[in-house]
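Q: please work out how this folds:
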Amino acid sequence: MKKTKYIVTLAVFALLIFGFAAAQLILPDKDKSFTERRELAQAPSVTAKALFNREFSDDLEEYLLDQFPLREDFRLVNSAFRLYALRQKDTNGIWIRDGVVYKNETATNENQIAYAAKLYNSVIETYLDGCNVYYTVVPDKSYFVRDSGYPHIDYDKLFDIMKQGVDGAEYIDILDTLSVDKYYRTDTHWKQPDLFDTVKRLGDAMGVGEYLTSESDYTAHTLTPFHGVYIQQAALPVSSDDLVYLTSEQTDSAAVSGPMYKYDTVYTPELFDGMDGYDVFLGGTQPIIEIECPNARTDRELYIFRDSFGSSIAPLFTGAYSKITVIDLRYVASAYLSNYVTFTPGSDVLFLNSTLVLNTAMIMR
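A: Numbers count the residues shown, from 1 in each chain. Sure, this is the predicted structure:
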């Protein structure tokens, strides 16, 4: 009986080992991991020289790990085991509360935040003479669950540094227009259909609130399933979101262009199944985008200095501005702006960045 047990155990073990090995040989290699948003390692070239090279063995190890059969399923089981069996509070710094996924942000980088304020001032002084300049700060959704006991940055300190450091721009407070349910459960970003209060707050402060396209004039379009970045980073067992984008007469007629922009509309639903579904809004990360709005109710211009949060809110201003220029200082250095953008005196300018970017502001230039 004992001998039979050993034979069965050995047979099962051998089946698993050789089965996975055979599967790795038979199954085609994958180019990308959409859950991790990265390229997967491919088989290294085998040459006589490479076989005696340490770099070859490292490349081979990386390839075998990336192309391991059922790799995504094992990642999911590992995360679930840590959270629910071992009762860890988080996995890879990511945690769940009431079905919403958050990420720990522990360090408050005061130097980085002060750098952001100085960068704003430099842009204002260099380019924005005669413009109406405003700034706001988009809170990470963990701002709304600061009593959770999980690490988060000192939001009060961040807001204080920005308010004391930024000169020549009026601060627009949007905190009370937002709440955790206005963000995707599985992602960092806010939901476009829930931004009308925020857009109205910004529009009123800039003097165009009455010209904004009303909520009733938009049509909602749903794309599903949307697997946010937090699910992808931690392989968490959480149900997906729906991504909803809004169209109107103003957004449909808008003409979009830019030095690196490949599309001619404000929405690119064909990108939903790519590495990041949020790229539906303004084609994802872009250095500069110009949006011409022929059906706007004014002839005013708006310049938005933004991060990815600006991608979904910018189209909601197409009813109030005849032209919107969207600039991301993470991808174009402020010193070279005059090569691409001409700032019209009398225009409105809005600096709109999230606390996540401000806390790592040296990624902007």
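Q: run a quick neighbour tally on residue 207.
A: Burial measure for residue 207: 13 neighbouring residues, criterion other Cβ atoms under 10 Å. Heads up, the C-betas are built off the backbone N, CA and C, glycines and all.
Q: could you check how far the most centrally placed residue in the chain is from residue 296?
A: Central residue of the chain (Cα atoms, centre = their mean): residue 308, 5.4 Å from the mean position. Separation of residue 308 from residue 296 (Cβ to Cβ, to the nearest Å): 24 Å.
Q: how about residue 320?
A: Residue 320 is 6 Å from residue 296, by Cβ to Cβ.
Q: overlap in contacts of the two?
A: residue 211 (Cβ atoms under 8 Å, 6 or more residues apart in numbering).
Q: related to what we said a few turns ago, the residue nearest to the centre of the chain reaches residue 278, doesn't it?
A: Yes. The pair residue 308 / residue 278 is scored as a contact, 6.8 Å apart, by Cβ atoms under 8 Å.
Q: residue 353: what secondary structure?
A: Under the three-state scheme (DSSP: H, G, I helix; E, B strand; the rest coil), residue 353 adopts strand.
Q: show me where the stretch 101-250 of the chain has helices.
A: Under the criterion DSSP state H, counting those that start in this stretch, helices of the stretch 101-250 of the chain are mapped to 110-127, 155-165, 196-205, 229-234, 249-253.
Q: so which of those helices gets nearest residue 339?
A: Proximity to residue 339 (Cβ to Cβ) singles out helix 110-127 among these, at 11.8 Å.
Q: and the angle for the closest one with helix 155-165?
A: 30 degrees (axes from the mean of the first three to the mean of the last three Cα atoms, to 10 degrees).
Q: quick one on the thing from earlier: deepest-packed of the helices of the stretch 101-250 of the chain, please.
A: helix 229-234 (a mean of 22; mean count of other Cβ atoms under 10 Å).
Q: what's the mean pLDDT across that one?
A: Computed over helix 229-234, the mean pLDDT rounds to 72.
Q: again with stretch 148-168
A: 92.
Q: got the end-to-end distance for that stretch?
A: Taking Cα to Cα, to the nearest Å, the first and last residues of stretch 148-168 lie 36 Å apart.
Q: try stretch 100-108
A: Its first and final residues considered, stretch 100-108 spans 23 Å by Cα to Cα.
Q: per-domain residue ranges of the protein.
A: 2-73, 106-363 (automatic domain parsing).
Q: out of the ones you listed, which is the most enclosed?
A: domain 106-363 (a mean of 18).
Q: gap between it and the chain center?
A: 11 Å (Cα atoms, centre = their mean, to the nearest Å).
Q: JSON lines for the helices of the stretch 101-250 of the chain, including distance to residue 260?
A: Formatted as JSON lines, those follow (distance: least, Cβ to Cβ, whole Å):
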{"stretch": "helix 110-127", "distance to residue 260": "20"}
{"stretch": "helix 155-165", "distance to residue 260": "29"}
{"stretch": "helix 196-205", "distance to residue 260": "26"}
{"stretch": "helix 229-234", "distance to residue 260": "22"}
{"stretch": "helix 249-253", "distance to residue 260": "21"}
